[in-house]
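Asker: prediction below, plus the sequence it came from.
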Amino acid sequence: MPIPDPNQIYPLPNYNRLCFLKNIIKNPNIIVGDYTYYDDFDNVENFEKNVKYHFDFIGDKLIIGKFCMIASNVTFIMNGANQITDAITSYPFAIFGQAWANAMDNKTYPQKGDIVIGNDVWIGYNATILAGVTIGHGAIIAANATVTKDVEPYSIVGGNPAQLIRKRFPQETIAKLLELAWWDWDLEKITQNVQHLTGNNLDLIK
């Protein structure tokens, strides 16, 4: 039986609302790993529309690992949304040019960095991820969560702002899983172990 092809756009027969995401991305500043899928209630082309304030001249990146699961209406807020907060006003005079063109001379807008999503991350419906956030491998982001700070590997977070609900496993198991890094195995080894990867006994993995 063949292994699913990571270069297929629509891996499920006769269903075009779930795609292997890397195959539809056009923006070079959005980087997506193999087998990460996006499911959209309406149209998978909505994904890039939900990456907000992502301006070429800023150059920040959205980086998503392999084997991630991203639900409909997940939104990524990039650095173009940032305004100055330590000045008298946060109003962006300079972007309107003319007599205001020099309002930001010798000043800069805040840059919080790239959004980095690890491998094997599940992001639930209508979640929002803010600029500069790193989400660790194996994390789960609950539906409607607003993630404003980094999420540790194999953590479940939810709420607004998102808070830790619990760790998925004891810390010792998390350390073993991070060392295992199964998402970096060759496809044949992953395929040989899919029954064990979908179980909970690490000792069975070979």
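Answerer: Yes, it's here. Residues are numbered from 1 along each chain as shown.
Asker: and the most centrally placed residue in the chain, what pLDDT?
Answerer: Central residue of the chain (Cα atoms, centre = their mean): residue 117, 4.1 Å from the mean position. Note on residue 117: pLDDT of 98.
Asker: again with residue 39
Answerer: Among the per-residue scores, residue 39 shows a pLDDT of 98.
Asker: so it touches residue 68, yeah?
Answerer: No. Using Cβ atoms under 8 Å, residue 39 makes no contact with residue 68, being 11.5 Å away. Glycine gets a C-beta too; all of them are placed from N, C-alpha and C.
Asker: who has more neighbours, the two?
Answerer: Neighbour count, other Cβ atoms under 10 Å: between residue 39 and residue 68, residue 68 has more, with 24 against 17.
Asker: what residue, apart from its backbone neighbours, is nearest that one spatially?
Answerer: Counting by Cβ to Cβ, 6 or more residues apart in numbering, residue 68 lies nearest to residue 36, which is 4.1 Å off, once chain neighbours are set aside.
Asker: looking only at residue counts, what's the top helix in the protein?
Answerer: In the chain, taking DSSP state H as the definition, the longest helix is helix 171-180.
Asker: quick one: contacts of the helix or strand following that one?
Answerer: Per DSSP states H and E, the first helix or strand lying C-terminal to helix 171-180 is helix 187-192. Applying Cβ atoms under 8 Å, 6 or more residues apart in numbering, the external contacts of helix 187-192 come out as 3, 182, 197, 206.
Asker: circling back to that earlier point, so who does the residue nearest to residue 68 touch?
Answerer: Counting by Cβ under 8 Å, 6+ apart, residue 36 has contacts 20-22, 64-70.
Asker: domain ranges for this structure?
Answerer: For the chain, automatic domain parsing gives the domain ranges 18-168, 171-206.
Asker: which one of those lies nearest to residue 10?
Answerer: When the domains of the chain are compared by Cβ to Cβ, domain 18-168 sits nearest residue 10, at 5.7 Å.
Asker: centre of the chain to that closest one, how far?
Answerer: Averaged C-alpha coordinates place domain 18-168 at 7 Å from its chain's average position (Cα atoms, centre = their mean, to the nearest Å).
Asker: give me the distance from the longest helix of the chain to the chain's centre.
Answerer: 21 Å.
Asker: in that helix, what's buried?
Answerer: For helix 171-180, the neighbour count (16 or more other Cβ atoms under 10 Å) marks 174, 177 as buried.
Asker: on that earlier part again, contacts only, for the residue nearest to the centre of the chain.
Answerer: Contacts of residue 117 (Cβ under 8 Å, 6+ apart): 62-65, 68, 123, 129, 134-135.
Asker: tell me which of the domains of the chain sits most buried.
Answerer: Of all these, domain 18-168 carries the top mean neighbour count, a mean of 17, counting by mean count of other Cβ atoms under 10 Å.
Asker: kindly check the end-to-end length of it for me.
Answerer: 26 Å (Cα to Cα, to the nearest Å).
Asker: before we move on, the earlier item: what residues does the longest helix of the chain touch?
Answerer: Residues outside helix 171-180 that contact it (Cβ under 8 Å, 6+ apart): 137-138, 153-154, 167-169, 202, 205.
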